[in-house]
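1. Requesting a structural model of the entry that follows:
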Amino acid sequence: MGYQLSVRVGSALIVVLGVCTLVFLLLHLVPGDPVDAMLGESARPADRAALRASLGLDQPLLEQYTRYLVGLARLDLGQSFQDQRPVSAVLAERLPATLQLAAAALLLALVLAIPLGVLAAKHRGGPIDGAAMGFSMLGISLPNFWLGPLLILVFSLWLGWTPVSGNDGAVSLVLPAITLGTGLAAVLARMVRASVLEVLGEDYIRTARAKGLSEAAVLRRHALRNAWLPVLTLVGLQLGGVLGGAVITETVFAWPGVGSLLVESIQSRDYPVVQGCVLLISVLYVLVNALTDLAYARVDPRIRLG
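-> From the prediction side, this is the model:
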């Protein structure tokens, strides 16, 4: 157990280090200069050189990378180029909004996907199954950057039910959560349907029906409990995708989270904040996958015994 945990932690650290290295190199290879973004292209050469030296951008790339890794080892993400504040403080301000959006989207996806998937499996080949899978196909086909503006147009501009953008209470969370959660709900609904259908063909399900249990009891006590494992796997993987999809959704709705901060920092060439955002998203993704593995043992005793 200890060896497996060590291997898992080591693999996670290698993944995070690889992501950080790739982002660091890409930021320094893409066109654009943080000094130009801060001072403008008409600034005097002396001012540009002084600012570049104060930010450490005049040093060789390898030395900058080494300093960045040393800072990570000390849990120091550096300071923002734009407002000269610690990156950790900037992320701490934005992270709660992203977690709130991700939790709302995941809750919405589960509320929609589980009943749809179970009903589709129960009425396989019927109109309910067709409608549920039609919704699933539609949800998968609608990208966030198209669905978000459409919802704003209908519910904010035409009907006036919700704010157009920003975080102004619980009502402001509705449209971003729908935008981010619809695609996840569509994928989960198909997985729930497939898992329940697979379980319904097992011998113990026929035994439960032969004992006189109602169809609702068979689904609740036997089918759903044993169909959870692949669904849980997909939830863990998709939750990481939700964090990535939040970048687009937060930008569309001007939601003050890590995703919109990442886009703003890329536009302003704020290297430390970009690296901090990517590192945070990577760590959250790895952490969610680790928690998913731990949840397997709670859902399937065979894994715990193994």
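2. For residue 111, report the pLDDT, please.
-> Looking at residue 111, its pLDDT is 90.
3. does it belong to a helix or a strand, and which?
-> helix 87-122 (DSSP states H and E).
4. and that helix, what does it pack onto?
-> Applying 3 or more C-beta pairs under 8 Å, 6 or more residues apart in numbering; DSSP states H and E, one finds that helix 87-122 contacts helix 127-141, helix 171-200, helix 224-252, helix 258-267, helix 271-299. From N, CA and C alone the C-beta is placed, and that goes for glycine too.
5. Tell me which residue lies nearest the centroid of the protein.
-> With distances taken as C-alpha atoms, centre = their mean, the residue of the chain nearest its centroid is residue 243 (1.6 Å).
6. Now do the contacts for it.
-> 98, 102, 281, 284, 285 (C-beta atoms under 8 Å, 6 or more residues apart in numbering).
7. let's see 7 Å
-> 102, 281, 284, 285 (C-beta atoms under 7 Å, 6 or more residues apart in numbering).
8. Could you do residue 162 as well?
-> 155, 156, 171, 172, 174, 175.
9. Just give me the neighbour total for the first one.
-> The tally of other residues near residue 155 (other C-beta atoms under 10 Å) stands at 17.
10. I'd assumed residue 161 was in contact with it.
-> Yes - proximity of residue 155 to residue 161 meets the contact threshold set by C-beta atoms under 7 Å, at 5.0 Å.
11. Work out the gap between stretch 10-22 and the centre of the chain.
-> The chain centre lies 18 Å from the centre of stretch 10-22; the measure is C-alpha atoms, centre = their mean, to the nearest Å.
12. Which of the helices and strands packed on helix 87-122 has the lowest mean pLDDT?
-> Minimum mean pLDDT among those: helix 224-252, a mean of 76.
13. re the thing from before, out of the helices and strands packed on helix 87-122, which is closest to residue 60?
-> Across these, residue 60 has its closest neighbour in helix 271-299 (15.3 Å, C-beta to C-beta).
14. what's the spacing between the closest one and its chain's center?
-> Using C-alpha atoms, centre = their mean, the offset of helix 271-299 from its chain centre is 9 Å.
15. again with stretch 107-127
-> Distance, centroid of stretch 107-127 to centroid of chain: 23 Å (C-alpha atoms, centre = their mean).
16. that older thread, mind checking how far the residue nearest to the centre of the chain is from residue 283?
-> The gap separating residue 243 from residue 283 is 10 Å, by C-beta to C-beta, to the nearest Å.
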